[in-house]
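Asks: Fold the following for me, if possible:
(chains A and B, ligands or ions: 2)
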Amino acid sequence: MRELFSGPPDLRGRPRQDRMLSSVMAAVVGYENALTAVDRMLRAKVPGEVDLVDEDLRLVIAEVRVEAEDVVSLRLSSPDGEALPRWQPGCHVDVTLPSGKRRQYSLNGDVRDRYGYRIAVRRIDGGLGGSVEMHTLTEGTPIRVSRPRNAFALINLEKYLFLAGGIGITPILPMVRAAERIGADWKLVYTGRSRSSMPFLRELLDINESKVDIRADDEVGMSTGRELLEHSAPGTHVYCCGPIPMIDAVRAEIRETGRNPLHYERFSPAPVLNGKPFEVQLARSGRTIQVGAEQTVLDAVLPEVPAQQYSCKQGFCRTCKVRVLAGEVDHRDGSLTARERETEMTLCVSRAAGDRLVLDI
Amino acid sequence: MSQPEKKIEDPDHLVLQPRDVRFDWGRTPAHWIPGEVLLAHILNVTHMILPEIERWFIRVFSAALPLISSEKVRADVRGFIGQESVHAESHQGAADHLTRHGIDVTPFTGQMEWVFQERLLRPELKGTRARKWLIWQLSGVAAGEHFTAMLGEYILANRKLDEVGADPVMLDLFRWHGAEEVEHRAVAFDLFTHLDNRYWARVITMVAIIPPLIWLFIRGTLFLYRNDPHLPPGSRPRMRELIRLLREGLLPPVMWLIKGTLKYLRRDFHPSQVGSTSAALEYLATSPAARAANH
Ligand SMILES: [Fe+2]
Ligand SMILES: [Fe+2]
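Replies: Ligands and ions are numbered 1, 2, ... in the order given. Purely as a prediction, here's the structure:
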């Protein structure tokens, strides 16, 4: 029906266009004309396509300190002693290592220290090499650091329960300090293999010894989710950071009791499981790209098509859905309808079922 | 230096991320606030208008992405787009729920689609003129986001809706959405000022979008009354009902809305001056739909 008329379909289903809405849209067109005339008169500037400006900070390592077995802290400051951008508890920075590796670290110093960011690194031998490289850095080394961003924000409450496991103490430490400063009713349960492996014990005890509960595995055994949460009053917000098994245990316990709102840092999206490499042809440019077994289509496409849309990277927000022109799709999202799946796919999680896809990008 | 602090500073520099919320409409009745038809239908208008408006936000923002030189603004815009996309789908779910209960909203949403998917983007414009219209649309998104943030703040603090027995799933939808609106309230404003910092442009757009917004709510409410088979034929919204709702604190006070709008017209306005990110994140930590997303 709609094709018969230039205007919008009628609200009461009558076979004519909606006059009121058509006049509103005519007014919009008139409005745009008027604005264009004004813009021309005032010679308004029109922004064009641009490259990203590098907003990273160029800092130097001002101090290296051993904080526990295999843990060092680095204090980063401006080479000319300038104040650094402000941050808040829960903030992290992306550090670019001399080798080009990029790693995320929580800021764990004092938010009132305007001249240094402190981060802490546990050395993991046989990891991806970032932590080992961090441990080789010495005072005076220049280092590139992003501006602080917060994915684990501390909100204003009267009561907190903080749970930290091992190096997971790093984002929690500034939170504890902030909670103590406002006189909140807080408690920290801090777990680790042994006291000697747990960084910042002295600093924490100095903040308020009576509110810190240290539970080393070699003294009291591994703490269960129930034990970690046992002294929390119902409704107390829980801030948790630690190894994945610890976060999972706390989440499982809270799922069962439903007693506590939980805050934890959301890490990068889940890795690709059971992926096979395949080929993607980009119909608009004619280019063909290879998608590795552990790579998402999105990650393979972005270097070729920087303007490609995406957001959640987990297959639910629908931002990265594109039309599929040829090839079978292995749909791994939770958001497209059966009908949409006939012609579209999400780039962030879905893959080729065969060895080739042609996409309308 | 070490004066005692009373409050945790409101969080800033947030990494914005969409949340994978789920709403189960199975137990929500068509008239989801007992005895409050007008109130429910005024709020139902949001289910009819927001999905297309938010999808328009996304189109406008996507077109603006290549113009952004700041990594921070670009990251914020990506997070914003994902959040608005989930908002649109969630309100769409509530709109479909109304249609399933006999209140067929599709003629109205069809018109919204026509306006916001086809006409408002003015695809016939080319070159710098298209680019300028894009910038004007961005100022429209910024102005619209001022209202969503204000209403988000309002719905988060409103306890009256619980008292009159509003359906908890519906309330959670409004509060989760409101909380994310408060959380990302600065993104559209920051994007507009990043690309075009003309104060008077911001003012003109704000003034221009108010009448169509009010008109949409009136038109939508009248439409719902005409098409609600659960109401006696010929039912119409009554002015004295509206006044009662305002008096009882079930709708945002008009003076508060006017004052809030005027703040936007101040030259030194920034969205961080209004609303509390802390309160928004506190709700998101307890929202049933957002908690379900953590599993
Ligand atoms: Fe929204
Ligand atoms: Fe929004």
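
Asks: Just give the closest residue to the residue of chain A found nearest ligand 2, not the sequence neighbours.
Replies: Residue of chain A nearest ligand 2, by CB to the ion: residue A:311 (13.2 Å). C-beta here means a position set from N, CA and C on the backbone, and glycine is covered the same way. In space, and not counting its chain neighbours, residue A:311 is closest to residue B:82: 2.6 Å by CB to CB, 6 or more residues apart in numbering or on different chains.

Asks: Now the phi/psi pair for that neighbour, please.
Replies: Residue B:82 adopts backbone torsions of phi -60, psi -40, taken as degrees, to the nearest 10.

Asks: how close does it get to residue B:146?
Replies: Separation of residue B:82 from residue B:146 (CB to CB, to the nearest Å): 21 Å.

Asks: Just to be sure, residue A:104 is in a helix?
Replies: No: under DSSP: H, G, I helix; E, B strand; the rest coil, residue A:104 sits outside any helix and is assigned strand.

Asks: Spell out which parts of the stretch 1-150 of chain A neighbour chain B.
Replies: A:2, A:8-13, A:18, A:21, A:24-25, A:28-29, A:31-32, A:35-36, A:39, A:44-55, A:87-91, A:112, A:147-150 (CB under 8 Å from any CB of the partner chain).

Asks: So what does residue A:299 have for phi and psi?
Replies: With angles defined as degrees, to the nearest 10, residue A:299 sits at phi -60, psi -30.

Asks: contacting residues around it?
Replies: Counting by CB atoms under 8 Å, 6 or more residues apart in numbering or on different chains, residue A:299 touches no other residue.

Asks: Pull the number of nearby residues for residue 219.
Replies: You didn't say which chain, so I picked chain A. The number of residues packed near residue A:219 is 9, by other CB atoms under 10 Å in any protein chain shown.

Asks: switch to chain B, that's the one I care about
Replies: Per other CB under 10 Å, the neighbour tally for residue B:219 reads 19.

Asks: any bit of stretch B:107-114 sitting next to chain A?
Replies: Yes: shown here: stretch B:107-114 in contact with chain A (CB under 8 Å from any CB) through B:107, B:108, B:110, B:111, B:114.

Asks: so who does the residue of chain B found nearest ligand 1 touch?
Replies: Nearest residue of chain B to ligand 1, counting by CB to the ion: residue B:87, 3.6 Å away. By CB under 8 Å, 6+ apart, the contact set of residue B:87 is B:50, B:54, B:177, B:180.

Asks: Let's see the pLDDT reported for the last one.
Replies: Read it as residue B:180. Residue B:180 carries a pLDDT score of 98 in this model.

Asks: Go through the residues of stretch B:107-114 next to chain A and flag which are in helices.
Replies: B:107, B:108, B:110, B:111 (DSSP state H).

Asks: Make JSON lines from those residues and add neighbour count and pLDDT to it.
Replies: Shown next, in JSON lines, are these (neighbours: other CB atoms under 10 Å in any protein chain shown; pLDDT from 0 to 100):
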{"residue": "B:107", "neighbour count": "17", "pLDDT": "94"}
{"residue": "B:108", "neighbour count": "22", "pLDDT": "96"}
{"residue": "B:110", "neighbour count": "16", "pLDDT": "93"}
{"residue": "B:111", "neighbour count": "23", "pLDDT": "93"}
